[in-house]
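> Need a 3D model of the sequence below.
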Amino acid sequence: MTKTPYTAPDFTLSDESGKVHALADYSGKWVVLYFYPKDDTPGCTTEACSLRDARDELAELGAEIIGISKDDASAHEMFKVKHSLNFTLLSDPQAMVITKYGAWGKKQFGVEGILRKTFIINPDGVVVKVYGRVTPVGHGEQIISDLKQLQNA
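Residues are numbered from 1 along each chain as shown. Modelled structure (predicted):
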């Protein structure tokens, strides 16, 4: 893992409605970029709901939440509707961005897949905080606390 701070790898991916998003679209904003294994699985749902519940406070702090997995647009759309998710989900079916961010690797029992990781990117496009092996419960509150510290530093 690269030591922070470092320039965030660029990306261009489609969301659940087919709209294309690039990291450059968020220039001047804080970005909470999180990678997760699969839509509508227990841990991923817990994490997404924690971020959903933190979204308003994160927005007040000037931050946007973006989730990335290999799931397709229809899976993302169903996941968003089912859990009232209020942020962007992007599809990375070839895991190119997932790999760029170091969120692909060996998981439990040696199986390779998406690692649950979150990155806080500052308004200048610099990664200033990385959460490796995220615990889904309370992740939103943890990010709010850390973002406030980063903004006051």
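
> Residue 24 contacts residue 10, doesn't it?
Yes - here residue 24 reaches residue 10: they are 6.9 Å apart, a contact under C-beta atoms under 8 Å. All C-beta atoms are positioned from the backbone trio N, CA, C, and that covers glycine.

> and residue 90, that one's in a strand?
Yes - counting by DSSP: H, G, I helix; E, B strand; the rest coil, one finds residue 90 located in a strand.

> Find the nearest non-adjacent residue to it, please.
residue 13 (4.0 Å; C-beta to C-beta, 6 or more residues apart in numbering).

> so what's the one you found bridging to?
Assessed by DSSP bridges, residue 13 has beta-bridge partners residue 21.

> what residues are up against it?
20-21, 68, 90-92, 97 (C-beta atoms under 8 Å, 6 or more residues apart in numbering).

> Now the two most distant members of those residues.
20 and 68 (13.5 Å; C-beta to C-beta).

> Please identify which of the two sits among more neighbours.
residue 68 (25 against 10; other C-beta atoms under 10 Å).

> how much space between the spatially closest residue to residue 37 that is not a sequence neighbour and residue 44?
The spatial neighbour of residue 37 that comes closest, neighbours along the chain excluded (C-beta to C-beta, 6+ apart), is residue 114 at 4.5 Å. Residue 114 is 10 Å from residue 44, where distance means C-beta to C-beta, to the nearest Å.

> joint contacts of these two?
Both residue 114 and residue 44 are in contact with 36-38, 69, where contact means C-beta under 8 Å, 6+ apart.

> Among the residues you listed, which lie within strands?
Judged by DSSP state E, those include residue 69 as members of strands.
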